[in-house]
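A.B. asks: Sequence and computational prediction follow.
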Amino acid sequence: MIKKDSSPMAKTTVLRLADLPNRKPTHINYTPDAEVLKQLASEMDLSALRKLRLEGTLKPLGNRDWQLDARFGATVVQPCVVTLDPVSTRIEESVERRYIANWETPSDAEAEMDGDDISEPLPEAIDLTEVVAEALALSVPRYPRAEGAKLGEINVTEPGQEAMTDEDVKPFAGLAALKAKLENPEDT
């Protein structure tokens, strides 16, 4: 078991694959310390990163490959894109990685058809902090919005002219008006 905050190995977040048992899974229970949380929050422009945890197993596949199956959990705080009020979001995601010894980088066409986004080259060691940083980067909401926050509408035009609304700008708004004219010619 790897647990950053309580074992004698508390300072290590790097798992050297050569040091792990190659016949049975290794349990992972990684919770970064406050310094790592602060660093990750800063790197990802978060207001705060309150909790972060990776728990699962790293198991051998065949003679040289490895499979990571874990659950990733985090609580992030970000500013609302509308009001700038803090928005707290709980993230729960599965993390799957397959580390392949004979990895060959697929061509662009193969990568699109393959759809395999969990396989990567076999490293000498796996840094759990890098694994959680990648999982966090992929799952943080891009546009967090506080409950009830709405974008306002601003209509600006020249004096004496009627301002365009958001409805007027929609691509099919003109077609709807034309259709109405064609269906009811006496209204015009």
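C.D. replies: On my side now, so go ahead.

A.B. asks: and residue 182, backbone torsions?
C.D. replies: phi -70, psi -40 (degrees, to the nearest 10).

A.B. asks: Then residue 33?
C.D. replies: Per degrees, to the nearest 10, the backbone of residue 33 is at phi -80, psi 180.

A.B. asks: Please report the distance of it from residue 69.
C.D. replies: Remark: distance between residue 33 and residue 69 (Cβ to Cβ, to the nearest Å) = 24 Å. Every C-beta, even on glycine, is put in place using the N, C-alpha and C of the backbone.

A.B. asks: Which of those two has more residues huddled nearby?
C.D. replies: Neighbours were counted for residue 33 and for residue 69 using other Cβ atoms under 10 Å; residue 69 has more, 16 against 13.

A.B. asks: got the domain boundaries for this protein?
C.D. replies: Following the assignment in automatic domain parsing, the chain carries domains at 14-139, 155-188.

A.B. asks: Out of these, which gets the lowest mean score?
C.D. replies: With a mean of 75, domain 155-188 has the lowest mean pLDDT of the domains of the chain.

A.B. asks: in the protein, which spans are helices?
C.D. replies: 34-43, 108-114, 128-139, 166-169, 173-183 (DSSP state H).

A.B. asks: With respect to burial, which of those helices scores highest?
C.D. replies: Among the helices of the chain, ranked by average contacts under mean count of other Cβ atoms under 10 Å, first place goes to helix 128-139 (a mean of 18).

A.B. asks: So what touches that helix?
C.D. replies: 2, 4, 13-15, 28, 30, 32, 36, 40, 43-44, 49, 52, 54, 68, 70, 72, 74, 76, 91, 93, 95, 97 (Cβ atoms under 8 Å, 6 or more residues apart in numbering).

A.B. asks: And that helix, how far out from the chain middle?
C.D. replies: Relative to its chain's centre, helix 128-139 lies at 8 Å (Cα atoms, centre = their mean, to the nearest Å).
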